[in-house]
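A.B. asks: Sequence and computational prediction follow.
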Amino acid sequence: MISKNMTISIPSGLEARPVALLVQVASRYDSSIYVECGNKKVNAKSIMGMMSLATPAGTAITVTVDGPDENAAMKGIEDFLTGK
């Protein structure tokens, strides 16, 4: 299991369209992927869960990944959220 703190760099934050794209990215991996913001922790493969975070650009989050492809999954999520 790996965890990493990061900041959302997507200009619009995680609104509907970026959330849908993030869920698609997360769903490519077999690992469990969770995003934590404040006291809320949600499954990154859940559109409704991710929408409930309502995270604007510049928000600090923690991503936790656990599974067989966790390193690749963390890189994919980080690249998406930081705009790489």
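C.D. replies: Yep, it's here. Residues are numbered from 1 along each chain as shown.
A.B. asks: Ramachandran angles for Val35?
C.D. replies: Backbone torsions for Val35, taken as degrees, to the nearest 10, come to phi -120, psi 130.
A.B. asks: is it true that it touches Lys41?
C.D. replies: Yes. Counting by Cβ atoms under 8 Å, Val35 touches Lys41, with 7.3 Å between them. For glycine as for every other residue, the C-beta is placed from the backbone atoms N, C-alpha and C.
A.B. asks: Give me the more crowded residue out of those two.
C.D. replies: Val35 (25 against 13; other Cβ atoms under 10 Å).
A.B. asks: The more buried one and Glu78, how far apart?
C.D. replies: 12 Å (Cβ to Cβ, to the nearest Å).
A.B. asks: Quickly list what's touching both of those two.
C.D. replies: Val63 (Cβ atoms under 8 Å, 6 or more residues apart in numbering).
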